[in-house]
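A.B. asks: Got a predicted structure plus its sequence, pasted below:
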Amino acid sequence: MQGMLYLCATPIGNLDDMTFRVLETLKNVDLIAAEDTRNSIKLLNHFDIHTEMTSYHEYNKYDKALFLIEKMQQGLNVALITDAGTPAISDPGEVLVRECQKAGIKVTSLPGPAACITALTLSGLSTRRFCFEGFLPSLDDKKARKRILEDLKNESRTIILYEAPHHLKAALDDLYETLGDRKITLCRELTKKFEDITPTTLEGAISFYKDNDPRGEYVLVLEGKSLEEQDEEKRKSWQEMSIEEHMKYYEDAGVSHKDAMKKVAADRGVGKREIYQALLDNE
């Protein structure tokens, strides 16, 4: 009989956030795959857990996934933990999950702490629609970084990002340059004694960190572009076109002349009669 994979969420700061279910699972599985065994041994010792550990991280995620799958095929149960939070979120665990699915090995997730969701609920920004971007591409990969930032430029959902302290200033600068000034909440030391939640703006955050050094791991929760702002930008772009060009845009897409006039009128916020008259005047 095959074993299975347990994705076990661990505390992101406060050890009291460990769930009973995760504790029991870590004690009873045959093997724990940990992002950093040196870090995880402190957690296991705290809870008096003596299960064997092996490393599973960014640099061995493919080869080690095959090793772990072989163990599960032999009947061993494996728990996957990350340094903090829920495995497979911005984490090599996604590779192991995918490979388990391919191999027909059952995977279950034991819910618990996740820095991205914790920060979102503390941000004061809209939680109805949001997207998680993880870490921005490296400063060395300018092309990929620029592409992601440009993608975020018109994102209307609340945006969640992770950032290391030594890259925070560059991230704030790049976000401001690409997205303009936006509301942002900087979340630091989540669930810990000196938890710090700072609602501000990108401009305000940049100004603050000119005189203060970033400390701790950050979760950035950023306001998305409002739908009203997007509609206004679209209206402005239509206004830059002549009415004839605007009509051609729709007619080239197969829209009838009559329906194209309706669409052009709606885009420009005017009546259909005004479009009809403008077309007559320009003939």
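C.D. replies: Nice, thanks for sending it over.
A.B. asks: from what I can see residue 84 touches residue 9, true?
C.D. replies: No. With contacts counted by CB atoms under 8 Å, residue 84 stays clear of residue 9, the gap being 9.3 Å. C-beta coordinates here come from the backbone N, C-alpha and C atoms, glycine included.
A.B. asks: So those two - more neighbours on which side?
C.D. replies: Counting neighbours by other CB atoms under 10 Å for residue 84 and for residue 9 shows that residue 9 has the greater number, 23 against 19.
A.B. asks: what residues are up against the closest residue to the more buried one other than its chain neighbours?
C.D. replies: Closest residue to residue 9 apart from its sequence neighbours, by CB to CB, 6 or more residues apart in numbering: residue 112 at 2.8 Å. Residues near residue 112 by CB atoms under 8 Å, 6 or more residues apart in numbering: 8-11, 17-19, 22, 85-86.
A.B. asks: Find the residues that touch each one of residue 84 and residue 9.
C.D. replies: The contact sets of residue 84 and residue 9 overlap at residue 113 (CB under 8 Å, 6+ apart).
A.B. asks: before we move on, what SS does residue 32 have?
C.D. replies: Classification of residue 32 using DSSP: H, G, I helix; E, B strand; the rest coil returns strand.
A.B. asks: any idea how far residue 92 is from the residue nearest to residue 9?
C.D. replies: Counting by CB to CB, to the nearest Å, the gap from residue 112 to residue 92 is 19 Å.
A.B. asks: Also residue 203?
C.D. replies: Taken as CB to CB, the span from residue 203 to residue 92 is 36 Å.
A.B. asks: try residue 207
C.D. replies: Taken as CB to CB, the span from residue 207 to residue 92 is 36 Å.
A.B. asks: So which of those two has more stuff around it?
C.D. replies: residue 92 (20 against 13).
A.B. asks: Go ahead and confirm the more buried one touches residue 68.
C.D. replies: No. Residue 92 is not in contact with residue 68 according to CB under 8 Å; the separation is 11.7 Å.
A.B. asks: Find residues that contact each of the two.
C.D. replies: Here residue 92 and residue 68 have residue 56 as joint contacts, going by CB under 8 Å, 6+ apart.
A.B. asks: Strands along the protein, start to end?
C.D. replies: Using DSSP state E, the strands of the chain run over 5-8, 31-34, 53-55, 78-81, 107-110, 130-135, 158-163, 183-188, 196-201, 218-222.
A.B. asks: now the ones you listed as CSV including mean neighbour count, distance to residue 252 and mean pLDDT?
C.D. replies: Formatted as CSV, the strands of the chain follow (neighbours: other CB atoms under 10 Å; distance: least, CB to CB, whole Å; pLDDT from 0 to 100):
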stretch, mean neighbour count, distance to residue 252, mean pLDDT
strand 5-8, 25, 50, 98
strand 31-34, 24, 55, 98
strand 53-55, 16, 57, 98
strand 78-81, 26, 52, 98
strand 107-110, 16, 48, 98
strand 130-135, 16, 33, 96
strand 158-163, 22, 34, 98
strand 183-188, 22, 39, 98
strand 196-201, 14, 41, 98
strand 218-222, 24, 37, 98
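A.B. asks: As TSV, the ones you listed with distance to residue 258 would be great.
C.D. replies: Output for the strands of the chain, formatted as TSV (distance: least, CB to CB, whole Å):
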stretch	distance to residue 258
strand 5-8	56
strand 31-34	63
strand 53-55	67
strand 78-81	60
strand 107-110	54
strand 130-135	39
strand 158-163	40
strand 183-188	43
strand 196-201	46
strand 218-222	43
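A.B. asks: Quick check, residue 173 in contact with residue 205.
C.D. replies: No. Using CB under 8 Å, residue 173 makes no contact with residue 205, being 10.0 Å away.
A.B. asks: Show me which of the two is the more surrounded one.
C.D. replies: Using other CB under 10 Å, the more surrounded residue of residue 173 and residue 205 is residue 205, with 23 against 14.
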